[in-house]
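# take a look and give me a structure for this.
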Amino acid sequence: MLHTITKKLVGNAKVATVSAHCDIPCKIYDPATAQIAALTIIRMVDLINELDAKDCLSIKDQAQLIRLVNEKEAHGTKVKEEVRVIWGDYFKQPQFDQVPNAHELVHKIMLQASKAKQGVSRDDALGLLELVNEFAEAFWLTKGVATYKAISPYLPSEAVVYPKLDAI
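The predicted model follows:
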């Protein structure tokens, strides 16, 4: 629709077509944001399930449920966006050579994020975190940075892949 309106406004005038690889090629990428978003989904599912255990939900509980679901949805979208940006802007042929299953992994993340958004299954949310952790390992591999797994220092206390960075 926007294209149609623009075309009518411009008419037959010659307008150059432009495109760009990305908005600002800052070269700052980190899968941590996607990992935190996946952890948030797990935490939201846990809190939703706590409400589900109640016999009756008050208006306050119902309002809380709506907020939890909205946050779960938003963080599912955030996982997809963060992974898509790294995959689309950072990964080039050298990275694809190092991680030959990158396309398949990203596709699995997209599908699993949708699945985690559609329901309130902790297993689905954990599956998403597992895939995002696999993506983080692949990302750090392309940077030549070793990784390790540790339990996140906050709820839901799940294993997360971290880069092994040198101390200053």
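# buried ones in the top helix by length along the chain, by neighbour count?
Scanning the chain for the helix with the most residues, using DSSP state H, yields helix 59-85. Neighbour counts over helix 59-85 (16 or more other C-beta atoms under 10 Å) mark 64, 68, 71-72, 75-76, 78-80, 82-83 as buried. (Each C-beta comes from the backbone N, C-alpha and C, glycine too.)
# equivalent analysis for stretch 148-168, please.
Going by 16+ other C-beta under 10 Å, stretch 148-168 has these buried residues: 152, 156, 158, 160-163.
# rebuild the residues you listed as JSON lines, extending it with distance to A34.
Shown next, in JSON lines, are the buried residues of stretch 148-168 (distance: C-beta to C-beta, whole Å):
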{"residue": "S152", "distance to A34": "13"}
{"residue": "P156", "distance to A34": "16"}
{"residue": "E158", "distance to A34": "14"}
{"residue": "V160", "distance to A34": "11"}
{"residue": "V161", "distance to A34": "11"}
{"residue": "Y162", "distance to A34": "13"}
{"residue": "P163", "distance to A34": "14"}
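# which of those residues sit farthest apart?
P156 and P163 (21.2 Å; C-beta to C-beta).
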